[in-house]
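In: Let me see the structure of the following:
(one chain, ligands or ions: 2)
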Amino acid sequence: MILLKNISYLDIEEEKIKENMDILIEDNLIKKIGKDIKSNRAEVIDGRERLAVPAYTNGHTHLGMTMMRNLADDLDLDTWLNKKIWPVEDKLTDEDIYWASMLSIVENIKSGVSTVYDMYYSMDRVSEAVIESGTRGVLTRGMMDISGGGDERIDELMELYKNYNNAGNGRVKIVPAPHSIYTCSTEYLKKLINIAESFDGVINIHLSETKKEVSDCLKEHLMTPAMYLDSIGMLDLKVIAAHCVHLTDEEINLISKKDVFPIYNPSSNLKLGSGFAPIDKMIKSNIKIGIGTDGSSSNNNQDLVEEMHIGSIVNKAVTLDPNAVPAIEILKMATVNGGALTGFNNGVIRENALADIAIYDLNSIGFTPKNNLISALCYSSNSNYILDLIVDGKIVMKNREVLTLDEEKIKVKVRELTEKLLNR
Ligand SMILES: CSC[C@H]1O[C@@H](n2cnc3c(O)ncnc32)[C@H](O)[C@@H]1O
Ligand SMILES: [Zn+2]
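Out: Ligands and ions are numbered 1, 2, ... in the order given. Model (predicted):
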């Protein structure tokens with residue numbers, strides 16, 4: 001049991017900060033929120049000069065890509081993938097992916113993230129890493145068939161679902177992830193739609209990331225990418241669609257009527273020169289958007305707080321409207337929308353929700369003076385102000401030290417394994 005005493009917290013549903021409250025955590029749930037809560041069994045945390053927020057969801061990443069950080073920069077997506085990333089990924093071992101994921105998880109924890117939506121290979125090892133860390137993950141096996149091996153990947157996916165879906169006390173979910181429309185044939189996409197239906201009705205894909213993807217799709221299918229996915233039935237599932245940079249107005253209208261969650265990846269889209277997602281239009285169409293870092297080779301970090309800051313201010317410039325994507329909208333993407341897109345009962349500080357809470361230091365420079373704490377969370381804070389992270393009712397980070405994983409050992413391992421990888 002944990003009792004947060006006299007703490008301020010972000011009530012994301014009411015869009016306001018509530019001051020001087022007590023929050024009682026019992027097992028993995030927020031049991032009670034109120035004034036003067038007493039418990040003689042709970043570990044008491046002094047919440048004065050602290051701000052509790054719902055722990056964040058990193059809505060799209062590739063945890064296993066850390067070894068390619070700063071290895072392939074200043075390239076467009078097509079060149080980056082084909083010339084640099086895929087040749088290195090061909091040499092990655094399960095062990096590499098495990099340790100690379102461990103490092104990414106540490107980085108995510110340090111920016112207040114309790115839950116990742118990850119797409120990669122060796123997802124059994126990624127599942128183990130997430131379980132060991134005490135965090136949550138929707139872990140999605142990336143699927144392709146353009147260069148062969150499609151059926152073997154399906155066998156692996158089935159095994160993964162059997163062994164790891166709902167593992168770690170329900171902290172892990174397994175979802176199929178066709179990589180994209182340009183790496184999967186129509187027949188293969190249809191197979192994966194059927195498999196997703198037989199699992200939990202959820203699918204994850206990269207969608208409409210570059211102009212090239214759109215023009216190739218128009219040539220091949222005479223439709224834009226989201227219309228094409230709809231024509232083969234994918235949009236009747238719950239779809240987590242990373243990027244969505246080049247959606248047309250027609251596509252925005254379509255997905256506003258479907259259970260589709262676009263994931264905003266501003267740093268990756270800026271760095272790869274892919275463009276800007278029409279976030280403001282999507283918000284105005286009542287689409288629920290998530291936010292993610294993407295992998296550490298296109299961002300090049302796993303800092304969701306930085307992502308929120310960039311994600312908000314870049315939209316204002318692009319739309320020439322300073323009111324576009326205000327702080328509260330970005331915070332919703334990382335919290336309540338995160339809970340909705342993963343299906344975990346988190347992303348809100350509310351009685352009976354899962355106890356996933358990040359605690360900021362209000363005595364830090366970015367929160368001084370305390371004119372507007374919602375603005376501060378988006379515009380003037382950084383990850384270093386997050387002191388503690390509670391996931392599933394347990395303290396995973398205390399005073400910026402990750403308690404569940406050995407950060408120093410992980411860094412040493414990743415350095416060693418990266419050297420070996422690059423010399424193979
Ligand atoms: C099949 S596992 C995931 C696969 O995706 C690659 N990847 C990483 N970032 C992106 C991106 O922004 N667009 C498309 N594909 C990306 C990653 O390298 C893996 O091969
Ligand atoms: Zn991606």
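In: quick one: pLDDT of the residue sitting nearest the centre point of the chain?
Out: Nearest to the geometric centre of the chain sits residue 58, at 1.9 Å (CA atoms, centre = their mean). The model reports residue 58 with a pLDDT of 99.
In: Look up the residues forming beta bridges with it.
Out: Beta bridges link residue 58 to residue 116, judged by DSSP bridges.
In: Now do the contacts for it.
Out: Counting by CB atoms under 8 Å, 6 or more residues apart in numbering, residue 58 makes contact with 108, 113, 115-117, 291-293, 302, 304. Heads up, the C-betas are built off the backbone N, CA and C, glycines and all.
In: Count the neighbours of the nearest residue to residue 101 once chain neighbours are set aside for me.
Out: Nearest residue to residue 101, sequence neighbours excluded (CB to CB, 6 or more residues apart in numbering): residue 63, at 3.9 Å. By other CB atoms under 10 Å, 29 other residues sit near residue 63.
In: Same check on residue 102?
Out: Neighbourhood size, residue 102 [other CB under 10 Å]: 28.
In: so which strand or helix has it?
Out: Using DSSP states H and E, residue 102 maps to helix 94-110.
In: How is this structure divided into domains?
Out: 2-54+345-402, 56-342 (the TED database).
In: Give me whichever of those domains is most buried.
Out: domain 56-342 (a mean of 21; mean count of other CB atoms under 10 Å).
In: quick check: mean pLDDT across stretch 199-211?
Out: Regarding stretch 199-211, the rounded mean pLDDT is 98.
In: Let me fix that, I meant to ask about stretch 367-381.
Out: Mean pLDDT, computed over stretch 367-381, is 98.
In: Restricting the selection to alpha carbons, write that stretch to PDB.
Out: The C-alpha atoms that make up stretch 367-381 are tabulated as PDB, following Å, rounded to 0.1, in the frame of the first residue of the first chain:
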ATOM      1  CA  PHE A 367       7.700  24.800 -12.400                       C
ATOM      2  CA  THR A 368       8.800  28.100 -11.000                       C
ATOM      3  CA  PRO A 369       6.800  30.200 -10.600                       C
ATOM      4  CA  LYS A 370       3.600  28.100 -10.500                       C
ATOM      5  CA  ASN A 371       1.600  30.200 -12.900                       C
ATOM      6  CA  ASN A 372       0.000  27.300 -14.800                       C
ATOM      7  CA  LEU A 373       1.000  23.700 -14.100                       C
ATOM      8  CA  ILE A 374      -0.700  22.300 -17.200                       C
ATOM      9  CA  SER A 375       1.400  24.700 -19.300                       C
ATOM     10  CA  ALA A 376       4.500  23.800 -17.300                       C
ATOM     11  CA  LEU A 377       4.000  20.100 -18.000                       C
ATOM     12  CA  CYS A 378       4.100  20.700 -21.800                       C
ATOM     13  CA  TYR A 379       6.100  23.900 -22.300                       C
ATOM     14  CA  SER A 380       8.700  24.300 -19.500                       C
ATOM     15  CA  SER A 381       9.300  20.900 -18.000                       C
END
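In: How far away from the center of its chain is it?
Out: Relative to the centre of its chain, stretch 367-381 is centred 23 Å away, using CA atoms, centre = their mean, to the nearest Å.
In: now do stretch 143-163
Out: Remark: stretch 143-163 is offset 23 Å from the chain centroid, using CA atoms, centre = their mean.
In: contact partners of it?
Out: Residues contacting stretch 143-163 (CB under 8 Å, 6+ apart): 123-124, 127, 139, 141, 174, 176-179, 182-185, 188, 191-192, 195, 199.
In: how about the strands in the stretch 101-250 of the chain?
Out: Counting by DSSP state E, counting those that start in this stretch, one finds strands in the stretch 101-250 of the chain at the ranges 113-120, 136-143, 172-178, 202-207, 238-243.
In: so which of these gets nearest residue 355?
Out: Nearest to residue 355 among the strands of the stretch 101-250 of the chain is strand 113-120 (9.6 Å), distances taken as CB to CB.
In: From what I see, residue 114 and residue 386 are in contact.
Out: No - Residue 114 is not in contact with residue 386 according to CB atoms under 8 Å; the separation is 11.5 Å.
In: Give the residues shared as contacts by these two.
Out: Common neighbours of residue 114 and residue 386, using CB under 8 Å, 6+ apart, are residue 358.
In: Does the helix holding residue 102 reach ligand 1?
Out: No - counting by CB under 6 Å from any ligand atom, ligand 1 has no neighbours in helix 94-110; the shortest distance is 10.3 Å.
In: Could you do stretch 171-185 as well?
Out: Yes - judged by CB under 6 Å from any ligand atom, stretch 171-185 comes into contact with ligand 1 at 179-180.
In: Near ligand 1, which residues of this structure? Just list them.
Out: 62, 77, 81, 85, 89, 119-121, 142, 144, 179-180, 206, 209, 268, 294-295, 298.
In: would CSV of the domains of the chain with distance to residue 412 be doable?
Out: CSV is the format used below for the domains of the chain (distance: least, CB to CB, whole Å):
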stretch, distance to residue 412
domain 2-54+345-402, 15
domain 56-342, 10
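In: Go through those domains and name the closest to residue 417.
Out: Among the domains of the chain, domain 56-342 sits nearest to residue 417 (CB to CB), with 5.3 Å.
In: what about the closest one, start to end distance?
Out: End-to-end distance of domain 56-342 (CA to CA, to the nearest Å): 12 Å.
In: From the chain's centroid, how far away is that domain?
Out: The answer for domain 56-342 is 8 Å, by CA atoms, centre = their mean.
In: Okay, helices next: where are they in the stretch 251-400 of the chain?
Out: 266-271, 279-284, 304-319, 327-334, 336-342, 373-375 (DSSP state H, counting those that start in this stretch).
In: Show me what the longest one is packed up against.
Out: When you say that, I think you mean helix 304-319. For helix 304-319, the elements it packs on are strand 56-61, helix 266-271, helix 279-284, strand 290-291, helix 327-334, judged by 3 or more CB pairs under 8 Å, 6 or more residues apart in numbering; DSSP states H and E.
In: Dump those into a markdown table; add distance to residue 48 as well.
Out: Below are these laid out as a markdown table (distance: least, CB to CB, whole Å):
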| stretch | distance to residue 48 |
| --- | --- |
| strand 56-61 | 23 |
| helix 266-271 | 34 |
| helix 279-284 | 35 |
| strand 290-291 | 30 |
| helix 327-334 | 23 |
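In: ok, and the closest non-adjacent residue to the residue in the stretch 301-424 of the chain that ligand 1 sits nearest to?
Out: Using CB to the nearest ligand atom, the single residue of the stretch 301-424 of the chain nearest to ligand 1 is residue 302, 12.9 Å away. Nearest residue to residue 302 in three dimensions, chain neighbours excluded: residue 107, at 3.8 Å (CB to CB, 6+ apart).
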